[in-house]
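Undergrad: only geometry, no sequence info:
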């Protein structure tokens, strides 16, 4: 392939942190122009045929991205994300040194560079790990791209221990409308944080998508909502009204969510106290009836049951009437006699702690995401019992 007629263009897209209220990095994206025709990224990287041509093109794209950014790189407090064809690592193991050589040639600092990888494109894991270790020795950070798409190998991710995990744009698209996408993203964000990595949501195009990602705990946002890729830094508007709107909306959302949780817990605690008082005045054989009657009169409790001091269930599991539940043998209300002694809402009690509110979990009674609020109370004979109320989260 003859590269003499090819012009490589570098575009830059900003990465935004709502918590820090600023752009913290740019991702360099390569495009091409040949014989007066503009080439998309896909068209550009379809040009080379041999592995050597692919290597040459990737090196030139990296060089152009760094050269175009060098004049501002030393003054702006931004990191630069660089892409290359990760499949090259199977046949060319010296890629880290090649990138480092270009960085030093332009007198840039390696610790401002983030190397993006798509782990599933590298077949040999030993080669991939050598590349990652070498990058870290040279001062680069590692970002895993397109995580959550196709067949991401989570065992590999944990072993690589990337500095940044980029959540695939297909999971972010319409995330405000699709529950399962939200939960997959939540899991990827939790995975990121558990291995010491930042989480980044790609392909954010709407305020709603940005807000959901923020509320799930994502660290960095990227997408057309903030800016399309552009040729020069000064074209990226850091005072965009969209950014101000997002910050305001997120601040309001946090306050509303905190108030909603606080109000809901307050109401449930009030209801639990009321139920326990009725139970205290009643004989044991009336407790199921009381739970049934009380759940008819509330809207926020999905089910209720009572445990003895050993964590054994001594009533049935009373479900709210006409409530939707999963129809599967895995999801059915616990029966009288079920042992709850290893459940968090029983096990985590300390001494005479009156209240416990669990983390979110999937209810085996309903299949819904819920929290359990449990209240320690005494019956007529001064014996300890636990009233457990599952509330939909």
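TA: Cool, the structure landed. The structure displayed is predicted, hence computed values, not measured ones.
Undergrad: for the closest residue to residue 86 other than its chain neighbours, what are its contacts?
TA: Nearest in space to residue 86, with sequence neighbours left out and distances taken as CB to CB, 6 or more residues apart in numbering, is residue 121 at 4.1 Å. Bear in mind the C-beta positions are built from the backbone N, C-alpha and C, glycine included. Under the criterion of CB atoms under 8 Å, 6 or more residues apart in numbering, the neighbours of residue 121 are 85, 86, 87.
Undergrad: same question, residue 354
TA: By CB under 8 Å, 6+ apart, the residues touching residue 354 are 375, 376.
Undergrad: Could you check how far it is from residue 272?
TA: 10 Å (CB to CB, to the nearest Å).
Undergrad: likewise residue 43?
TA: For residue 43 relative to residue 272 (CB to CB), the value is 63 Å.
Undergrad: Of those two, which one has the most company?
TA: Legend: neighbour count by other CB atoms under 10 Å for residue 43 and residue 272, higher for residue 272 (21 against 13).
Undergrad: Report the secondary structure element holding that one.
TA: helix 241-280 (DSSP states H and E).
Undergrad: Residues that sit against both of residue 354 and residue 272, list them.
TA: residue 375.
Undergrad: per-residue pLDDT, the residue nearest the centre of the chain?
TA: Nearest to the mean C-alpha position of the chain, counting by CA atoms, centre = their mean, stands residue 189 at 2.7 Å. We have a pLDDT of 93 for residue 189.
Undergrad: for the helix or strand where it lies, packing partners?
TA: Per DSSP H and E: residue 189 is located in helix 179-194. With contacts taken as 3 or more CB pairs under 8 Å, 6 or more residues apart in numbering; DSSP states H and E, helix 179-194 sits against helix 154-160, strand 164-167, helix 169-172, strand 198-201, helix 207-216.
Undergrad: hmm, who's touching the longest one?
TA: Applying CB under 8 Å, 6+ apart, the contact partners of helix 207-216 are 18, 172-176, 182, 185-186, 189, 201, 204, 221, 223, 225, 242, 245-246, 249-250, 253-254, 257.
Undergrad: Quick check on the residues you listed: which are buried?
TA: Neighbour-count burial (16 or more other CB atoms under 10 Å) is assigned, among the contacts of helix 207-216, to 18, 172-173, 175-176, 182, 185-186, 189, 201, 204, 221, 223, 225, 246, 249-250.
Undergrad: quick one, the helix holding residue 272 and helix 207-216 angle?
TA: Relative orientation of helix 241-280 versus helix 207-216 (axes from the mean of the first three to the mean of the last three CA atoms, to 10 degrees): 50 degrees.
Undergrad: Sort out which residues of helix 241-280 are buried, please.
TA: Using 16+ other CB under 10 Å as the test for burial, helix 241-280 gives 243, 246, 249-250, 264-265, 268-269, 271-272, 275-276, 279.
Undergrad: Greatest separation within these: which pair is it?
TA: 243 and 279 (53.1 Å; CB to CB).
Undergrad: you'd agree residue 162 is in a strand?
TA: No. The assignment for residue 162, made by DSSP: H, G, I helix; E, B strand; the rest coil, is coil rather than a strand.
Undergrad: my guess is it contacts residue 145, does it?
TA: No. Taking CB atoms under 8 Å as the definition, residue 162 is not a contact partner of residue 145, at 9.6 Å.
Undergrad: Need the overlap of contacts for the two.
TA: Contacts common to residue 162 and residue 145, judged by CB under 8 Å, 6+ apart, are residue 117.
Undergrad: Between those two, which has more neighbouring residues?
TA: Looking at residue 162 and residue 145 with other CB under 10 Å, you find the greater number of neighbours at residue 162, namely 25 against 22.
Undergrad: so who does the more buried one touch?
TA: 117, 142, 143, 144, 195, 197.
Undergrad: For the fifth one, the count of nearby residues, please.
TA: Counted by other CB under 10 Å, the residues lying close to residue 195 total 15.
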